[in-house]
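Asker: No sequence on hand, only this structure:
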């Protein structure tokens, strides 16, 4: 069943996830390391963060691509 976002917002307040970078650091991401790289090298770690946010009650999960622009990735 597909539900429209506006329909959901009429029913309840939706909760979004929190800080992905902090959660990844708690799981071993080094300072200065590219968080987006973990999508390829440690997808299970990224998935575990998503799972934890869903378990905590999040309705909305953003992707681990905050710094996924060409100019930002060029720094790594």
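Answerer: Sure thing, it's come through. Owing to the predicted nature of the structure, the values given are computational and were not obtained by experimental measurement.

Asker: what's the first-to-last distance across stretch 29-36?
Answerer: The first and last residues of stretch 29-36 sit 11 Å apart, counting by CA to CA, to the nearest Å.

Asker: quick one: low-confidence parts of the protein?
Answerer: Applying pLDDT under 70 to the chain flags residues 1-2.

Asker: Against which helices or strands is the biggest helix by length in it packed?
Answerer: For the chain, the helix that runs over the most residues, judged by DSSP state H, is helix 43-55. If you count contacts as 3 or more CB pairs under 8 Å, 6 or more residues apart in numbering; DSSP states H and E, helix 43-55 packs onto helix 20-26, helix 38-41. Yep, even glycine has a C-beta here, placed from its N, CA and C like the rest.

Asker: Can you give me the buried ones in the first one?
Answerer: Under the neighbour-count criterion of 16 or more other CB atoms under 10 Å, helix 20-26 has 20, 23-24 buried.

Asker: What is the nearest of these to residue 53?
Answerer: residue 23 (8.1 Å; CB to CB).

Asker: correct me, but that closest one touches residue 50?
Answerer: No: using CB atoms under 8 Å, residue 23 is not in contact with residue 50; the gap is 9.5 Å.

Asker: I'd like to know which of the helices and strands packed on helix 43-55 is closest to residue 76.
Answerer: Here helix 38-41 is closest among the helices and strands packed on helix 43-55 (CB to CB), at 11.8 Å.
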